[in-house]
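Enquirer: predicted structure and sequence below. I'll ask about it afterward.
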Amino acid sequence: MIQLLGPDGTRTPHEEFDAVLAGDGAAVNGAGADLASPERLRGYYRDMVMIRAADLEATSLQRQGQLGLWASALGQEAAQIGAGHAARTQDYLVPTYREHGVAWARGIEPMRLLEMYRGISHCGWDPYELRTHPYMIVLGSQAPHSVGYAMGLQRDGVVGTGDLETDTAVLALFGDGASSEGEVSESFTFAASFQAPVVFYTQNNQWAISVPTSVQTRVPLAQRSRGWGIPSIRVDGNDVLAVLAAVRSAMDSARAGQGPRFIEAMTYRMAAHTTSDDASRYRSSQEEQEWGEKDPILRLRLHLEQLDQIDEDFVKACDEEAHDLAMRLHHFIHDMPDPDPIAMFDHVYTEHHPVVEREREQYLRYAAQFETDEGTGR
């Protein structure tokens, strides 16, 4: 497992990844030359603090009955912020339902995520504009979608041109549980056969709901793709720099026309699988404590302290900004109006469809039964 930042913040040199972090020598797509500069490290720290605060507030809102469900990413902030910032502007990201940090790195506000979990929106952002697919609820379904999109990029001629601002790749994100789904294996087959520009990125958070990774696989997940001839790597998912370098390197290779890659990021789901789950029924407090000592936010803070690039004023400012974000989320969800029920029939197809139109009319007749006639009280 590749690790650049230890749990105590100590930096370990890595020739290949240090070169990746040093950058392209020039700013490309808003990414400066040095991806590990003190300024960027402080930015990653702020991002992780912000998204953790939003995550905790969303859990609280679900407990208050404001959300139907919430899938926490607590403890996986480095695995997500690193991956999100590793992708270039034109790359297309296909998440599962827990990639809140990836969404944040792509410019998607947490408010937009809450709309889906409240059940009033299929997607609160423009996937084309932000180059990030809507959240995928069905396990493993994002893998074949990702490969299909990547094959389309090949046919559009935006792979392997040598132009960093043109060449494009796809980042397919899924968990260790989803990696056991047949769709992932089938996606490996298509990706390898067509050398599609896609990077499969698994956040191994150790638990597929109540099933540990040790039950799902007898070998490291990173080895699975090798049977298809897809190069793979395992990195410390609580190390934002290792994730950043691994994903940037893999995406650059895929973008250059060198075929698919697979990354396993070792991290930990510090919360329950979702707010409908009770993790205490299947895992020990000792395990949670051990992983708590590997906290990705604390790790980066310790590294910045060793560099003398962070102080209490900056930490306090991040905490206050995160608190303000949580309060905005709180007020946003409480003030959110219910959608017009008839809107469920919009955008089902690109053109009018007779079946959808018939169902719309049936619903309107049904809803009319409950309208109050003026002056009758009915």
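Expert: It's in. Numbers count the residues shown, from 1 in each chain.
Enquirer: break down this structure into its helices, ranges please.
Expert: Taking DSSP state H as the test, the helices found in the chain are 15-22, 38-63, 77-86, 100-105, 110-118, 127-130, 142-155, 182-194, 213-216, 240-255, 285-292, 296-306, 312-335, 354-368.
Enquirer: okay, those, which one's buried deepest?
Expert: Among these, helix 77-86 has the highest mean neighbour count (mean count of other CB atoms under 10 Å), at a mean of 29. Yep, even glycine has a C-beta here, placed from its N, CA and C like the rest.
Enquirer: ok, residues contacting that helix?
Expert: 31, 35, 44, 47-48, 51-52, 73, 93, 99-106, 171, 173, 201, 203, 237-248, 251, 265, 267, 296-297, 299-300 (CB atoms under 8 Å, 6 or more residues apart in numbering).
Enquirer: how about a cut-off of 7 Å?
Expert: If you take CB atoms under 7 Å, 6 or more residues apart in numbering as the criterion, helix 77-86 is touched by 44, 47-48, 51-52, 73, 99-102, 104-106, 171, 201, 203, 237-240, 243-244, 247-248, 251, 265, 267, 296-297.
Enquirer: got it, and stretch 68-76?
Expert: 52, 55, 58-59, 62, 80, 97-98, 100-101, 117-119, 203, 205, 237, 267-271, 274-276, 291.
Enquirer: with just CA atoms, put it into CSV.
Expert: Below are the C-alpha coordinates for stretch 68-76, written out as CSV (Å, rounded to 0.1, in the frame of the first residue of the first chain):
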residue,chain,number,x,y,z
GLY,A,68,-35.6,10.3,3.9
LEU,A,69,-32.1,8.8,4.2
TRP,A,70,-28.5,9.8,4.4
ALA,A,71,-25.3,7.9,3.5
SER,A,72,-22.5,9.3,5.5
ALA,A,73,-18.9,9.6,4.2
LEU,A,74,-17.5,10.3,7.6
GLY,A,75,-13.8,9.2,7.7
GLN,A,76,-13.5,9.0,3.9
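Enquirer: low-confidence ranges, the stretch 251-378 of the chain, go.
Expert: 372-378 (pLDDT under 70).
Enquirer: before we move on, the earlier item: among the helices of the chain, which comes closest to residue 6?
Expert: Judged by CB to CB, the one of these that comes nearest to residue 6 is helix 296-306, at 7.5 Å.
Enquirer: so which elements touch the closest one?
Expert: helix 38-63, helix 77-86 (3 or more CB pairs under 7 Å, 6 or more residues apart in numbering; DSSP states H and E).
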